[in-house]
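Visitor: Okay, predicted coordinates and the sequence, questions at the end:
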Amino acid sequence: MRARYDQATAALDPPLAIVDEDAFDRNAADLTRRAANRPIRVATKSLRCRFLIERALARPGYQGVMCYSLPEALWLHAMGTCDDLLVAYPTVDRQALRALAADAQARQHITIMVDSTAQLDVVDRALGDDHPEIRVCLELDVSWRPLAGQPLVHIGTWRSPVHEPRQAAELAAVITRRSGFRLVGVMGYEGQIAGLGDAPPGHPVRAHLIRFIQARSVRELKARRAEAIRLVEAVTSLEFVNGGGTGSLESTTGDTSVTELTAGSGLVGPTLFDAYTRFTPAPALLFALPVVRRPGPAIATLFAGGYVASGTGTADRLPRPYLPAGLSLTGVEGAGEVQTPVRGAAAADLQPGDRVWLRHAKAGELAERFREYHIVHDDGQVTAVPTYRGEGQCFG
């Protein structure tokens with residue numbers, strides 16, 4: 001594989017990033033298999049490249065996108081990428097809200113997220129009285145609270161304050177009574193299942209605990225979400241109920257209250273998704289750094305490379321050397337802004353001008369580092385496509 005990537009990009013100078021087209025397509029097919037005929041909404045933050053978003057959407061089983069900001073959704077709509085856009089996080093961007101209100105076509109196809117009346121107030125203040133109808137989705141908190149629903153122990157991401165079914169029904173009733181809003185969907189992201197690998201390498205006790213938590217959470221959530229949807233649909237009809245993520249497709253498909261799933265990271269296979277027993281995505285997105293010096297017999301120093309992923313600030317957020325096999329970062333320098341030393345037996349054969357292929361921890365964030373991705377086709381040919389950054393876009 002290393003020889004194939006080196007040969008395909010021989011005329012290009014690193015640092016550079018590639019997407020293995022065949023690996024991407026195999027991952028896309030595996031996601032639809034795991035989704036068991038439930039449509040998948042593409043999480044754009046995990047790709048941040050219109051070519052890849054559109055490639056996924058062109059495949060059977062994919063329908064709509066989940067954006068991470070309203071400006072992004074407006075741009076993707078204007079570019080004709082998709083006509084079903086759900087914004088995954090509440091927006092307080094007044095300029096973007098005004099742009100949405102002013103575009104009758106966009107208002108038909110873009111849905112914003114809310115989890116409180118305060119967010120509705122933001123929209124009203126930005127748009128004024130009697131503003132056009134805005135499509136909204138209610139976010140249900142689907143984290144696990146093992147102590148009888150009490151927030152003292154909260155396992156999952158801190159997102160919506162709407163945890164109980166009655167809270168969802170109450171907020172749904174408020175939304176439907178307010179002029180200028182239409183409730184069309186409910187969404188819940190089960191991060192404690194979808195985003196937490198159940199097989200962390202070298203930690204068998206932790207793996208056992210994670211599997212225990214996930215199994216309990218799946219059972220609790222299935223009943224609670226079904227009840228929440230039942231109560232909300234007693235208030236108003238819904239167009240969709242969104243759930244899941246790359247790591248939870250199997251369990252979310254078992255919830256009949258969910259009408260669609262979301263996935264994104266599984267299309268490109270970043271390192272944070274190596275630690276799952278349920279699936280194994282192929283590494284489709286890689287980046288190459290050049291060797292610039294040899295400070296020791298089993299050490300090679302690469303140019304740049306400090307592409308550290310967001311989150312907990314732990315070692316699993318660092319990029320990981322991939323090819324040639326047998327390389328690792330040093331504990332003292334890690335991945336640096338201007339240089340990244342790697343060590344291991346394979347380093348002895350590296351010389352200035354050679355390249356090392358690495359994988360990023362979180363899927364979409366690598367696109368913030370590169371203006372283009374080089375798509376490596378099955379025949380070895382390479383096509384350059386712009387990332388969001390390459391198209392002059394920055395949404396977060």
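Guide: The structure has been received and is ready for your questions. What you see is a predicted model; the values in this text were computed from it and never measured.

Visitor: now Asp6, nearest residue through space, not along the chain?
Guide: Arg355 (6.6 Å; CB to CB, 6 or more residues apart in numbering). Every C-beta, even on glycine, is put in place using the N, C-alpha and C of the backbone.

Visitor: quick one: that neighbour and Ala300, what's the gap?
Guide: 11 Å (CB to CB, to the nearest Å).

Visitor: shared neighbours of the two, which are they?
Guide: Val291 (CB atoms under 8 Å, 6 or more residues apart in numbering).

Visitor: show me what contacts Glu54?
Guide: Thr81.

Visitor: so what's the residue nearest to Asp6 scoring on pLDDT?
Guide: For Arg355, the pLDDT comes out at 98.

Visitor: ok, it - how many residues close by?
Guide: 25 (other CB atoms under 10 Å).

Visitor: Who is it paired with across the strands?
Guide: Judged by DSSP bridges, the bridge partners of Arg355 are Pro290.

Visitor: Check whether it really touches Pro15, as I assumed.
Guide: No - with contacts counted by CB atoms under 8 Å, Arg355 stays clear of Pro15, the gap being 9.1 Å.

Visitor: okay, now Pro201: neighbour count?
Guide: Pro201: 10 neighbours (other CB under 10 Å).

Visitor: residues contacting the closest residue to Phe240 other than its chain neighbours?
Guide: Distance criterion CB to CB, 6+ apart; nearest residue to Phe240, sequence neighbours excluded, is Gly185 at 4.4 Å. When contacts are counted by CB under 8 Å, 6+ apart, Gly185 touches Leu86, Thr111, Cys137, Leu138, Leu238, Glu239, Phe240, Val241, Asn242.

Visitor: Of the residues you listed, which belong to strands?
Guide: Judged by DSSP state E, strands contain the following of these: Leu86, Thr111, Cys137, Leu138, Phe240, Val241, Asn242.

Visitor: residues making contact with the strand or helix carrying Arg41?
Guide: Assigned by DSSP states H and E, Arg41 falls within strand 40-43. Contact partners of strand 40-43, identified using CB under 8 Å, 6+ apart, comprise 31-32, 53, 56-57, 61-66, 84, 86, 88, 242, 245, 260-265, 267.

Visitor: Just the C-alpha atoms of that strand, please, in CSV.
Guide: Extracted in CSV, the C-alpha atoms of strand 40-43 (Å, rounded to 0.1, in the frame of the first residue of the first chain):
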residue,chain,number,x,y,z
ILE,A,40,-28.1,7.5,6.5
ARG,A,41,-27.7,11.3,6.8
VAL,A,42,-24.1,12.3,6.0
ALA,A,43,-22.3,14.2,8.8
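
Visitor: returning to that earlier point: common neighbours of Arg355 and Pro15, please.
Guide: What both Arg355 and Pro15 touch, as defined by CB under 8 Å, 6+ apart, is the set Ala288, Leu289, Pro290.

Visitor: any idea how far the last one lies from Val332?
Guide: Meaning Pro290. For Pro290, the distance to Val332 - CB to CB - is 21 Å.

Visitor: which of these two has more neighbours?
Guide: Higher neighbour count among Pro290 and Val332: Pro290, with 17 against 6, using other CB under 10 Å.

Visitor: separation between that one and Gly344?
Guide: 17 Å.

Visitor: Over to Asp6?
Guide: 18 Å.

Visitor: Same question for Thr157.
Guide: For Thr157 relative to Gly344 (CB to CB), the value is 35 Å.

Visitor: Let me see the contact set for the residue nearest to Asp6.
Guide: Asp6, Pro14, Ala288, Leu289, Pro290, Val291.

Visitor: rerun at 6 Å
Guide: Pro14, Ala288, Pro290 (CB atoms under 6 Å, 6 or more residues apart in numbering).

Visitor: still on that earlier bit, who's more crowded, Asp6 and Gly344?
Guide: Gly344 (17 against 14).

Visitor: Next up, the contacts around the more buried one.
Guide: Gly326, Leu327, Ser328.

Visitor: Just confirm Ala384 is within a strand.
Guide: Yes - assessed by DSSP: H, G, I helix; E, B strand; the rest coil, Ala384 belongs to a strand.

Visitor: Give me the neighbour count for it.
Guide: 13.

Visitor: Please apply the same query to Pro132.
Guide: Neighbour number of Pro132 under other CB under 10 Å is 12.

Visitor: Just to check, it is in contact with Leu100?
Guide: No - using CB atoms under 6 Å, Pro132 and Leu100 do not qualify as a contacting pair, with a distance of 8.7 Å.

Visitor: if we can go back for a sec, filter the ones in strands among the contacts of Gly185 to the buried ones?
Guide: Among these, those classed as buried by 16 or more other CB atoms under 10 Å are Leu86, Thr111, Cys137, Leu138, Phe240, Val241, Asn242.
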